[in-house]
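In: What follows is a predicted protein model with its sequence.
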Amino acid sequence: MAAETLTATRAAATFPVFKASGAGLLCVAHGTYNITAAVEDGDIFEMCKVPAGATIVGGYIQATDLDTGGTEALDMMVGWAANGSDVADPDGLCLAHVFTGDVSVHLDVAQNLVFFGGVITSAGPKTLVNETTIQVEVNTAAATLTAGFMTVVVWYTSP
């Protein structure tokens, strides 16, 4: 099976992109996708969009325990699609690592929660010139996929 692109409701071409009415306002874009079938390396989930000129200052990816195999393997990253000005960067916001879904002192139930790092950590907030789709790309398929939800939340300032 070839890798495919799947689109969440809030990333659809018909879903309006929020545009704040004042420079510097902190805004939020988010998208949720219900994963019900096996994923493979190269699959892309379009999660949400940010408007032209948005400056991403942070965010996170959160997911249920999607890989319940003995040795988890599911590895996904968060970035942005090419927008006509900025080139695509599949891990520009978060090179997530293997999603273990383990309960920890920070997570009260089996889930994954990874805050953005990527270019925000190395170069500071990222401004995108044009309207841009925020996406999740699969690096490694799950050992044993368990259906569940994945949500991406993007914090950005308005232009």
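Out: Structure's in. What do you need?
In: Give the next helix or strand downstream of the helix or strand encompassing residue 47.
Out: Residue 47 is part of strand 44-50 when elements are defined by DSSP states H and E. For strand 44-50, the following helix or strand on the C-terminal side (DSSP H and E) is strand 55-64.
In: May I have the strands that pair with that next one, each with its orientation?
Out: strand 111-115 (antiparallel), strand 126-127 (antiparallel), strand 148-157 (antiparallel) (DSSP bridges).
In: Now it: buried residues?
Out: By 16 or more other C-beta atoms under 10 Å, the buried positions in strand 55-64 come out as 55, 56, 57, 59, 60, 61, 62, 63, 64. (C-beta placed from N, C-alpha, C; glycine too.)
In: if I look at the last one, how far off is residue 35?
Out: Just to be clear, that refers to residue 64. Residue 64 is 9 Å from residue 35, where distance means C-beta to C-beta, to the nearest Å.
In: again with the second one
Out: Note on residue 56: its distance to residue 35, by C-beta to C-beta, is 24 Å.
In: Extract the CA atoms of the lowest-mean-pLDDT helix or strand in the chain and return them as CSV.
Out: Least confident helix or strand of the chain, by mean pLDDT, DSSP states H and E, is strand 111-115 with a mean of 87. Extracted in CSV, the C-alpha atoms of strand 111-115 (Å, rounded to 0.1, in the frame of the first residue of the first chain):
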residue,chain,number,x,y,z
GLN,A,111,-1.5,8.7,26.1
ASN,A,112,1.2,10.7,24.3
LEU,A,113,1.8,14.4,24.8
VAL,A,114,4.8,16.1,23.1
PHE,A,115,5.3,19.9,23.0
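In: got a list of contacts for it?
Out: 58-66, 94, 96-97, 99-101, 106-107 (C-beta atoms under 8 Å, 6 or more residues apart in numbering).
In: what does stretch 120-133 give?
Out: Under C-beta under 8 Å, 6+ apart, the answer for stretch 120-133 is 11, 17, 46-58, 80-81, 83-86, 92-93, 119, 157.
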